[in-house]
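Chemist: sequence and predicted structure, then a few things I'm wondering about:
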Amino acid sequence: MAYTKEEEEILDSVAEYAKKHGYFLNREDKKLENVIKGLARNLQKFGKQYCPCRIRSGDTERDKQIICPCIFHGKEIEEEGSCHCNLYFKNE
């Protein structure tokens, strides 16, 4: 996988978050790469790391909920084993 410097920083950040919270990142390289690149693209385009799997409303306050890690990820991981983006997974 070839990441830009910005993408590497995002990857480091999400990996640190995963470790801190007892999660692991998607082990499929291509899927992980797609999410990281999507986060970087949203950061460049909108100034925030919005989850690439969620649709922005355009309302700044409402869209704060979908900045990665979004407010939904904890419940999704607990109930489904991973977040909607398939970035974070529950350790078994």
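Modeler: Perfect, I can see it now.

Chemist: please make it C-alpha for all contacts and neighbour counts, starting now.
Modeler: Fine.

Chemist: what residue ranges in the protein are flagged as low confidence?
Modeler: Scanning the chain for pLDDT under 70 picks out the ranges 1.

Chemist: residue contacts, the spatially most central residue of it?
Modeler: Centroid-nearest residue in the chain: residue 68, 4.8 Å away (criterion: Cα atoms, centre = their mean). Residue 68 sits next to 39, 49, 50, 51 when contact means Cα atoms under 8 Å, 6 or more residues apart in numbering.

Chemist: mind running it again at 7 Å?
Modeler: Under the criterion of Cα atoms under 7 Å, 6 or more residues apart in numbering, the neighbours of residue 68 are 49, 50, 51.

Chemist: give me the nearest residue to residue 86, chain neighbours excluded.
Modeler: Nearest residue to residue 86 in three dimensions, chain neighbours excluded: residue 26, at 6.3 Å (Cα to Cα, 6 or more residues apart in numbering).

Chemist: show me the helices in this structure, by range?
Modeler: Assigned helices in the chain, in chain order: 5-21, 29-46, 60-63, 73-80 (criterion: DSSP state H).

Chemist: out of the ones you listed, which comes closest to residue 90?
Modeler: helix 73-80 (5.9 Å; Cα to Cα).

Chemist: now the closest one against helix 5-21, angle please.
Modeler: For helix 73-80 against helix 5-21, the angle by axes from the mean of the first three to the mean of the last three Cα atoms, to 10 degrees is 60 degrees.

Chemist: mind starting the numbering at 577 from now?
Modeler: Okay, using 577 as the starting number, the last item reads as helix 649-656.

Chemist: right, I'll leave it there.
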